[in-house]
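K.L.:
what's the 3D shape of this:
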Amino acid sequence: VRVRGAAGDRLGDILTSAMAALDEKEEVTTTGIEALDRLGCGFRMGEFTILAGRPSHGKTALALHLARAAAHKVPVYIASLEMTKDALALRCLAADAKVAFGALRESALSQTEYTAVARSLETLGALPITIDDHASVNLADLRRAMVAQPGLLIVDYVQLLPPPPGTASQNRVQQVGALSRGLKAIAHDLKCSVLALSQLNRQVEYRSGEPQSSDLKESGDLEQDADRILLITRPYLFDDSELPDRCIIKV
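P.N.:
Below you'll find the model as predicted:
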């Protein structure tokens, strides 16, 4: 329930608050990737960021890395509509400990790797990261979560969110557009940062994996609403001469 009072705030009050926030520099979190930080890709409160890529290109892995980096400064809430919380947590643990996910899942680790995992368990356990893997989570649930604990909201992924109320008769493009506006509103209204993962259209594969923001699946509103779009691709999937562990992030 939201009760509206006087409409808006005086410009002088807004500028005072904005300048104080700039002085404190507490509204920007690191991405954990120096090159992205230099480009100003840290998470700012009130901003809506899209992270997009084709399936199996590393969207979730990158999102988990961003979550671990941001959690050193703000609470992180991950809404996982594709993977279970157990699978997501193990992937996060494997990445932090720098061990193979398959080896961790099969308990086929060396003594050195076990030591690294134990160290990461302690480190990750202290971070304010919450994972919600309920498939029915909707925009209202996400808003309530951010009201309770504003910080960084990660949605994996936006096309799996249920359509907002009143859009059942609309086509898929309109429904995804409504989801995009809803996520943008959460970031704006609650002064939190929203990172929404998104699929890309198949046309990317016809261009040797070179993604463009216009390739965002099912809605041009995602491109329009986002304050920033990160596009991830794995060149080795299209070029045998590329290294398997190399990815490109296009800002």
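
K.L.:
so residue 60 sits in a strand?
P.N.:
No. Membership of residue 60 in a strand is not supported by DSSP: H, G, I helix; E, B strand; the rest coil, which gives helix.

K.L.:
following the helix or strand containing residue 197, which helix or strand comes up?
P.N.:
For residue 197, the element it lies in under DSSP states H and E is strand 193-199. For strand 193-199, the succeeding helix or strand toward the C-terminus, using DSSP H and E, is helix 221-225.

K.L.:
strands paired with whatever helix or strand comes next after that next one, and their directions?
P.N.:
As assigned by DSSP H and E, the chain's next helix or strand after helix 221-225 is strand 228-233. Here strand 228-233 has these sheet partners by DSSP bridges: strand 48-53 (parallel), strand 248-250 (antiparallel).

K.L.:
dump strand 228-233 to CSV, restricted to CA.
P.N.:
Written as CSV, here are the backbone C-alpha positions of strand 228-233 (Å, rounded to 0.1, in the frame of the first residue of the first chain):
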residue,chain,number,x,y,z
ARG,A,228,22.6,0.2,-19.1
ILE,A,229,22.8,-2.9,-21.2
LEU,A,230,25.6,-5.5,-20.9
LEU,A,231,25.8,-8.1,-23.7
ILE,A,232,27.8,-11.3,-23.1
THR,A,233,29.0,-13.7,-25.8
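
K.L.:
any idea how far that strand is from the middle of the chain?
P.N.:
11 Å (C-alpha atoms, centre = their mean, to the nearest Å).

K.L.:
what mean pLDDT does it get?
P.N.:
The average pLDDT within strand 228-233 is 86.

K.L.:
equivalent analysis for stretch 18-36, please.
P.N.:
72.

K.L.:
distance between the ends of it?
P.N.:
24 Å (C-alpha to C-alpha, to the nearest Å).

K.L.:
ok, now which ones touch residue 159?
P.N.:
For residue 159, the contact set (C-beta atoms under 8 Å, 6 or more residues apart in numbering) comprises 176, 198-199, 217-218. C-beta here means a position set from N, CA and C on the backbone, and glycine is covered the same way.

K.L.:
next: residue 146.
P.N.:
Counted by C-beta under 8 Å, 6+ apart, residue 146 has contacts 77, 153, 186, 190, 192.

K.L.:
among those residues, name the ones in strands.
P.N.:
77, 153 (DSSP state E).

K.L.:
can you give me the strands in this protein?
P.N.:
Remark: strands assigned in the chain by DSSP E are 28-29, 43-44, 48-53, 76-80, 129-132, 152-156, 193-199, 228-233, 248-250.

K.L.:
number of nearby residues for residue 210?
P.N.:
Around residue 210 there are 15 other residues, counting by other C-beta atoms under 10 Å.

K.L.:
kindly report the same for residue 231.
P.N.:
24.

K.L.:
now do the same end-to-end measure for stretch 95-111.
P.N.:
Note: stretch 95-111 ends 17 Å apart using C-alpha to C-alpha.

K.L.:
list of residues touching it?
P.N.:
Contacts of stretch 95-111 (C-beta under 8 Å, 6+ apart): 61, 64-65, 68, 90-91, 93-94, 113, 116-117, 119-120, 123-124.

K.L.:
I am finished for the moment; much appreciated.
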